[in-house]
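Give me a 3D structure for the following:
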Amino acid sequence: MQDANSTVTGTKVVAAKTAKAKTVKPNPSAALIGMKLNRASEITVNFRQGKGNVISCDEIECTGANATGRRLTVTFKSAGKELMTRRVYKEHFEKMADKFGVDL
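Model prediction:
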């Protein structure tokens, strides 16, 4: 006896494989994408560890994140002018938010 999803190969009846759909996990940093941190005056922030990774800016905007949500694409601006765009770790973005006075 065959069901609708089985096939006959020679003398064997082989059941059709059912594909399992993968569940897509939501990005843990999705709430941060599009967030802008503003300040009236420029402050210096570390976008990475080390003395050479310091920038003075008055606005930071998170424009994207990788699939795991650990690395964020961040744009640094001063007086409306874009200074640079970098990929930074989420931990460093949280430290920058603390300096800007924003609680995540």
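
From here on, just use CA atoms for contacts and neighbour counts.
Fine.

Quick one: residues contacting the nearest residue to Met96 once chain neighbours are set aside.
Take Met96 and drop its neighbours on the chain: the residue closest to it by C-alpha to C-alpha, 6 or more residues apart in numbering is Val45, 6.1 Å away. Contact analysis of Val45 by C-alpha atoms under 8 Å, 6 or more residues apart in numbering lists 54-57, 96, 99.

Of those residues, which is the most crowded?
Cys57 (21 neighbours; other C-alpha atoms under 10 Å).

now that residue: how far from Leu72?
17 Å (C-alpha to C-alpha, to the nearest Å).

just the helices in the protein please.
90-100 (DSSP state H).

mind checking pLDDT for the most centrally placed residue in it?
Against the mean C-alpha coordinate of the chain, by C-alpha atoms, centre = their mean, the closest residue is Ala65 at 2.1 Å. The model reports Ala65 with a pLDDT of 92.

neighbours of the nearest residue to it once chain neighbours are set aside, just the number please.
Residue nearest to Ala65 in three dimensions, not counting chain neighbours: Leu72, with 4.3 Å by C-alpha to C-alpha, 6+ apart. Neighbour count of Leu72, defined by other C-alpha under 10 Å: 24.

again, but for the one 10 residues further on
Other residues within reach of Glu82 by the criterion other C-alpha under 10 Å amount to 13.

List the residues that contact the residue lying closest to it once chain neighbours are set aside.
Spatially, and ignoring its direct neighbours in sequence, Glu82 is nearest to Phe76 (6.1 Å; C-alpha to C-alpha, 6+ apart). By C-alpha under 8 Å, 6+ apart, the contact set of Phe76 is 57-61, 82-85.
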